[in-house]
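here is a sequence together with a model predicted from it:
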Amino acid sequence: VNFTCDARRSISEIKGDFPMIDYSLLEHDHDDVWQKYEDKFGPQSAFTHERESKDHAHLQARASKFFTWIAGRAETELAVVTHSCFLWNVFAHSRLGGDLLDYERDLDLKNHMEQWFDNCEMRSVLVVFQ
């Protein structure tokens, strides 16, 4: 969440385009992450630099909350669709000083996962919770 294109529309607006989706797990109608940074820095026109990408503590907390949520799911296969910046920060978490992920000394995998995502790139990942 750095630029206007990163902000999502309100759920009430999105429901009109995608009525078949269950939005019940979303806590807010508005984009609360975008709102946090807009409250802090002002509108995009007033602050054109990176917002969330420079807030490593928030990214670590958000990634941790994300994995905790995944760990509690009953499904064994999930598709996650999100911005490449968030995924890059999740998979490069150790780069931010966190210990959320352990690549078990597989440096090739670590190097691959810490590379920037291409537009619309899909990566398959096996996550094991211990």
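It's in.

for stretch 63-77, buried residues please.
The neighbour-count check on stretch 63-77 (16 or more other C-beta atoms under 10 Å) flags 63, 66 as buried. Quick note: C-beta positions are derived from backbone N, CA and C, even for glycine.

report the distance from that stretch to the chain centre.
Distance of stretch 63-77 from its chain centroid, counting by C-alpha atoms, centre = their mean, to the nearest Å, is 13 Å.

and the contacts of stretch 14-27?
8, 11 (C-beta atoms under 8 Å, 6 or more residues apart in numbering).

what about that stretch, how long is it end to end?
Start-to-end span of stretch 14-27 (C-alpha to C-alpha, to the nearest Å) is 15 Å.

what do you get for stretch 114-123?
12 Å.

just how off-centre is it within its chain?
Stretch 114-123 has its C-alpha centroid displaced from the chain centroid by 13 Å (C-alpha atoms, centre = their mean).

also stretch 55-74?
Distance of stretch 55-74 from the chain centroid (C-alpha atoms, centre = their mean) equals 9 Å.

what residue is smack in the middle of the protein?
For the chain, the residue nearest the mean C-alpha position is residue 86 (3.6 Å; C-alpha atoms, centre = their mean).

which residues are in contact with it?
Neighbour list for residue 86: 59, 62, 63 [criterion: C-beta under 8 Å, 6+ apart].

which residue sits closest to residue 34, ignoring its sequence neighbours?
Nearest residue to residue 34 in three dimensions, chain neighbours excluded: residue 7, at 4.0 Å (C-beta to C-beta, 6 or more residues apart in numbering).

what about the one you found, distance to residue 74?
For residue 7, the distance to residue 74 (C-beta to C-beta, to the nearest Å) stands at 31 Å.

can I get stretch 36-45 in PDB, CA atoms only?
Output in PDB follows, covering the C-alpha atoms of stretch 36-45 (Å, rounded to 0.1, in the frame of the first residue of the first chain):
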ATOM      1  CA  LYS A  36      -4.000   4.200   8.200                       C
ATOM      2  CA  TYR A  37      -1.400   5.600   5.900                       C
ATOM      3  CA  GLU A  38      -3.600   8.300   4.500                       C
ATOM      4  CA  ASP A  39      -4.300   9.400   8.100                       C
ATOM      5  CA  LYS A  40      -0.500   9.400   8.800                       C
ATOM      6  CA  PHE A  41       0.800  11.000   5.600                       C
ATOM      7  CA  GLY A  42      -2.200  12.600   3.900                       C
ATOM      8  CA  PRO A  43      -3.600  12.000   0.500                       C
ATOM      9  CA  GLN A  44      -1.400  10.600  -2.300                       C
ATOM     10  CA  SER A  45      -1.100  14.000  -3.900                       C
END
